[in-house]
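J.: How does the following fold in three dimensions:
(chains A, B, C and D)
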There are 4 protein chains.
Amino acid sequence: MTLSASVVGGSGFTGGELLRLLAGHPDFEIAQATSREYDRKTVGSVHPNLRDLDLRFSSPEDLESVDVLFAATPHGVSMRHVDAFFDAADAVVDLSADFRLSTEEQYDEWYDGHACPEYLEKAEYALPELNRENLPGAELIAAGGCNATATILGLKPLFDAEILDGDERVVVDVKVGSSEGGASAGKASSHAERSGIVRPYAPTSHRHEAEIEEYLGLSVSFTVHAVDMIRGASATCHVFPDGPVTKGDLWGAYRESYEAEPFVRTVSGGGGVYRYPEPKVVAGTNYAEVGFEVDPPNRRLVVFSAIDNMMKGSAGQAVHAANLALGLEETAGLEFGGLHPVGAP
Amino acid sequence: MTLSASVVGGSGFTGGELLRLLAGHPDFEIAQATSREYDRKTVGSVHPNLRDLDLRFSSPEDLESVDVLFAATPHGVSMRHVDAFFDAADAVVDLSADFRLSTEEQYDEWYDGHACPEYLEKAEYALPELNRENLPGAELIAAGGCNATATILGLKPLFDAEILDGDERVVVDVKVGSSEGGASAGKASSHAERSGIVRPYAPTSHRHEAEIEEYLGLSVSFTVHAVDMIRGASATCHVFPDGPVTKGDLWGAYRESYEAEPFVRTVSGGGGVYRYPEPKVVAGTNYAEVGFEVDPPNRRLVVFSAIDNMMKGSAGQAVHAANLALGLEETAGLEFGGLHPVGAP
Amino acid sequence: MTLSASVVGGSGFTGGELLRLLAGHPDFEIAQATSREYDRKTVGSVHPNLRDLDLRFSSPEDLESVDVLFAATPHGVSMRHVDAFFDAADAVVDLSADFRLSTEEQYDEWYDGHACPEYLEKAEYALPELNRENLPGAELIAAGGCNATATILGLKPLFDAEILDGDERVVVDVKVGSSEGGASAGKASSHAERSGIVRPYAPTSHRHEAEIEEYLGLSVSFTVHAVDMIRGASATCHVFPDGPVTKGDLWGAYRESYEAEPFVRTVSGGGGVYRYPEPKVVAGTNYAEVGFEVDPPNRRLVVFSAIDNMMKGSAGQAVHAANLALGLEETAGLEFGGLHPVGAP
Amino acid sequence: MTLSASVVGGSGFTGGELLRLLAGHPDFEIAQATSREYDRKTVGSVHPNLRDLDLRFSSPEDLESVDVLFAATPHGVSMRHVDAFFDAADAVVDLSADFRLSTEEQYDEWYDGHACPEYLEKAEYALPELNRENLPGAELIAAGGCNATATILGLKPLFDAEILDGDERVVVDVKVGSSEGGASAGKASSHAERSGIVRPYAPTSHRHEAEIEEYLGLSVSFTVHAVDMIRGASATCHVFPDGPVTKGDLWGAYRESYEAEPFVRTVSGGGGVYRYPEPKVVAGTNYAEVGFEVDPPNRRLVVFSAIDNMMKGSAGQAVHAANLALGLEETAGLEFGGLHPVGAP
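T.: Next up, the predicted model:
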């Protein structure tokens, strides 16, 4: 049985990624892709990798009736249109920050006032590795923030194994690519200004801290740098546990948490060029790579986590969650394994 | 029915690309991947995108019996082992230059002596857009050179439409990525020296001229530049036909040559950011993009052609040809359509 | 004796380059840098390499009296303000296209109507290798276009040595960096869209053809590609002379034309990694590198030329010409020789 | 008075940088550049930015008598040749790790046995911001490690102002370019494998921790990532002081430590694109940029520090120290201020 899907906000980067995934998905057919700016233009004129797709953007004012609606609009848009979304669709998967937090208080602390706080507690966080049991049948799903996703995936096994309980000091130093900024270019993201950078773009107070705090129960010292890649988020977590932890303990913990997960790989040492998680290895894929080292003199653990911010950190996570919500094969449409060699993908 | 396939020279860049394609192909199972250097190591330790593949390299001395053997060895190796390849396999697809030319004379003019010239006339050139009718049942197939492939695909419609007959002056200015140099790094291809370059690496006398001359009947003025990307070959052909040619003539010619071809797209003007062929649009895919403009004051046509040198220009072309040779679905295993946005892929 | 200089349009890329050069020049002091957008802001807040410069942008409405005024404004601005420029300054060096061509007819053919055509014949083309004898005492100087400069420098020795006379067929295939587009970013020049590209951005009819035609007397078949670098223009000229030309002939020609030129180096073969002109070798400098190969089977010469589009192709050329116009040491302020290794500069 | 200088190990990256600086230095003339591999070849054939330099490499066996010898050899070489260096030169500036630490015990803890431990206590650490008073007249000077230099410069004001005393927890997360690996390319540093990466290359136990511990008295939790640039080291220091610290406190501390330093700039917030230290801003220069933010909820300070690893982190630091040791103008030969815009420099 084929399900119908629409993408609201289809001309942006994550909207395009959703369209790419849905077009290659065995169980979905794309009913509609909306774009105010590109209304009536072909999808391929904006996303050149979709030139073979016979589809034109339509106005977000006229939503067709579908099984599932994916919203890839800027923060603050979905909350104002969610009723219209549910008029058109049985299930809504939102990629913005609008429904990621559980309470209005939390939302107000990090964002600027919520238009429909009553939906907050109904929404399910999309990350299957964290919330798998609540996804089947979910009607409103909120895909996580990319930096939060990388961090949560890196640290979660330490909580599962009770190496951390939430009171410890954890520094998270993130490096992200330019696609995180979205398709609307500004001066700071022009090629001439943004190439070759290591730029502290969120020294403190990044909003993704809120998700990490909610879903791990951990307050992190969080800093985000923009680096010269397009796709990718790499989180290095510097962790100071209360007692000694061996590398064997860590292997046990990560194996326990992730051995049944189809999209998480533990990569930690060994030979070859790629010995720890690297975002370019997972670019274009729904995989996350996690790894670690121990630093006994500093009583520190270093945890590395790498994802494609547009895939595992957004559109891929959304489709993965939709697969689980709708009872489809979990990995359907997400099998692409990435390229080698590959540049700044 | 599943066919068995092996990859000789599996640790190089095109060998890895073959393994990636075969692993995702519905009709093949990988029997063997050989590597002298990485014997017994996992394929994933060399090609990190294949970490989920449960396969180790084995020695090229012990070839298993398979339906088809793909050889991704340096130039000059296959010609010395082709008998052993046929002892092991019913069909051989070679990615080196060893069997691309038809006669020993041609080979000797551009290379250094052939070990088994008797195979030259038996071999079929892999490019389906050029040689589709001879591929079914072919036993020895030679995948074309990447720069030659880009050039041939760009110019072929001009011959089909008799806009060119081979006596005209054609300048081909090619820009290629670093994967063309293969996995063995030298000083000139270190990151510090090779980043950010526009480097004339083959000002004249590039060997791919031989293929172009053989298959188009055209002697081209050929120059290749290395630029800062990993995958990709972009050929700009400056063509001086005898008489006037309109853009409409060109649209007609390219449509006629390629409208039935599943892997060639004509992209020529229009709106948006990507108005002509660009290699990053087709990176990771088996697609070629071709396009053109007319320059009446100079009585010139400009033809653009972009491919992924490792895919349409090598491993993808090889699998495409194997599909046709073995009677499989032509596009099987080659459906990946590429990413957007994407960097220097 | 110190001369006073101002930069109109100081917040753009070439404006910043002028300010950098003037700040390090032994004979100039910067009187004023204008910017409408950044009025009263520090120069260092826009150009971070000039943070130590104690200077704020001022309005272009209030021009101070100076010895020389450099105008780095978009095409079409200087022609409307040139009288005001001369009210303020004894000499004007313009970096736009407004005064590059000699006659209104030529200008109208390639651009859109000139506001003060009477200045066209008074203006001197800035390129000293072409026009050295007319620069001393010049009052209005027009810095050449970057792509034209690279092309002219590459081809000029062939005219000097009478290898070409202007009737031959010459294809010029140019590769340029993103700084050529200027500081105003659009969607096509965002980092995510522009990274890793080989993009045909001017397939035909590039306006710099006009300068090449005027100053060399040659109609060129000209195509420009955008590639992944910030600074740099690389011109590959495919030349078809009437008779045979040896590499020795070329060495003689280039030596004759350039051995006395302080900013042109001939690089053509030899060992090492950098055997032909490469833009990254001259990035940040006022040097041009030129080189060549012969292709007897195709009766072709291939000429390579590489410059930094913002330096030799714009601001450096402007200061070089100003040095000559004002009787200063020719190389003053332009001694920086570049970096190695260096990336996509 | 001109001083004579030689560079031992002149064909490597930092050796080339020394030659570049010495060639442009008003008080030095280059007597000799040694290279075993490139003996008798021109310096310009290895370092294309030095093509105008009339100098050939000579053998390190025959050292000429000079005022100062700069050694840019791999770790472990200088310690075996230091007597020969002093036979040839009055002063020696070593860029390797051989003389950076004060005692044999420290050296043995981090490296593998010292050949001449008696020199360790005689050597002066080159970083003027740390050791200015001991440099005049120094005979053996050890240029610091690049990552250590970035870190020390970032954190030193916190010690000067007694915000830190050495017992606090400090995480240092470093991002470096490929020139740090030197001119000898391996597989991991080939363009195809190293482009576009965020690679944890020293998760723990980086040797530069030793220098930081010695010169700041602080044990740091140190992790180094390789990113896609050529030049540059960026250190982000996550600092947890004992009591509250305001941004005003930090401005005071950094001003106090650095207002008299010619090569350190504090950049911390404000408008524009470049609001915190970024390595590309200082690429090619001897400048360091430092900056900071406070994160009260996490009781954290975040300190950013950016240098060019080959300049302030190596050759520039060496020349700066030599200037001070020999009584020259401190900034002589080091005035280059960098480029804008610029890519991955």
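J.: Low-confidence stretches in chain A?
T.: Residues of chain A that meet the criterion pLDDT under 70 lie in A:185.
J.: A:A210 sits in which helix or strand?
T.: helix A:208-216 (DSSP states H and E).
J.: and the next helix or strand after that helix, anywhere near chain B?
T.: Per DSSP H and E, the first helix or strand lying C-terminal to helix A:208-216 is strand A:221-227. No: Strand A:221-227 does not reach chain B (C-beta under 8 Å from any C-beta of the partner chain); its nearest approach is 11.4 Å. Where you see a C-beta, it was placed from the backbone N, CA and C, and this is true even at glycine.
J.: isn't A:E293 right up against A:L301?
T.: Yes: the pair A:E293 / A:L301 is scored as a contact, 7.5 Å apart, by C-beta atoms under 8 Å.
J.: what's the overlap in contacts for these two?
T.: The contact sets of A:E293 and A:L301 do not overlap (C-beta atoms under 8 Å, 6 or more residues apart in numbering or on different chains).
J.: between these two, which one's more packed in?
T.: A:L301 (27 against 20; other C-beta atoms under 10 Å in any protein chain shown).
J.: so that one sits in a strand?
T.: Yes: judged by DSSP: H, G, I helix; E, B strand; the rest coil, A:L301 forms part of a strand.
J.: who does the spatially closest residue to it that is not a sequence neighbour bridge with?
T.: Excluding the flanking residues, the one nearest A:L301 by C-beta to C-beta, 6 or more residues apart in numbering or on different chains is A:V239, at 4.2 Å. Per DSSP bridges, the residues bridged to A:V239 are A:V170, A:L301.
J.: what's near enough to touch A:V239?
T.: By C-beta under 8 Å, 6+ apart, the contact list for A:V239 reads A:155, A:158, A:164, A:168, A:170, A:300-303.
J.: Alongside chain C, which residues does chain A contribute?
T.: Looking at chain C, the residues of chain A close enough under C-beta under 8 Å from any C-beta are A:13, A:177-179, A:181, A:183, A:185-187, A:189-196, A:228, A:230, A:343-344.
J.: filter those residues down to the ones close to chain D.
T.: Of the residues in the residues of chain A next to chain C, proximity to chain D by C-beta under 8 Å from any C-beta holds for A:187, A:192-193, A:195-196, A:228, A:343-344.
J.: Just the ones of those in helices?
T.: Assigned to helices by DSSP state H, the following of those qualify: A:192-193.
J.: out of the ones next to chain D among the residues of chain A next to chain C, which are buried?
T.: A:192-193, A:195-196, A:228, A:343-344 (16 or more other C-beta atoms under 10 Å in any protein chain shown).
J.: and A:G243, how far is that from A:L164?
T.: A:G243 is 11 Å from A:L164, where distance means C-beta to C-beta, to the nearest Å.
J.: which one of the two has more residues nearby?
T.: Neighbour count, other C-beta under 10 Å: between A:G243 and A:L164, A:L164 has more, with 23 against 6.
J.: Then the more buried one would be within a strand, right?
T.: No: using three-state DSSP, the secondary structure at A:L164 is coil, not a strand.
J.: Leaving out chain neighbours, which residue sits closest to it?
T.: A:L158 is the one closest to A:L164 (C-beta to C-beta, 6+ apart), at 4.3 Å.
J.: Who are the packing partners of the helix or strand A:F70 falls within?
T.: Per DSSP H and E, A:F70 falls inside strand A:66-71. For strand A:66-71, the elements it packs on are strand A:3-8, strand A:28-34, helix A:78-88, strand A:89-94, helix A:316-325, judged by 3 or more C-beta pairs under 8 Å, 6 or more residues apart in numbering or on different chains; DSSP states H and E.
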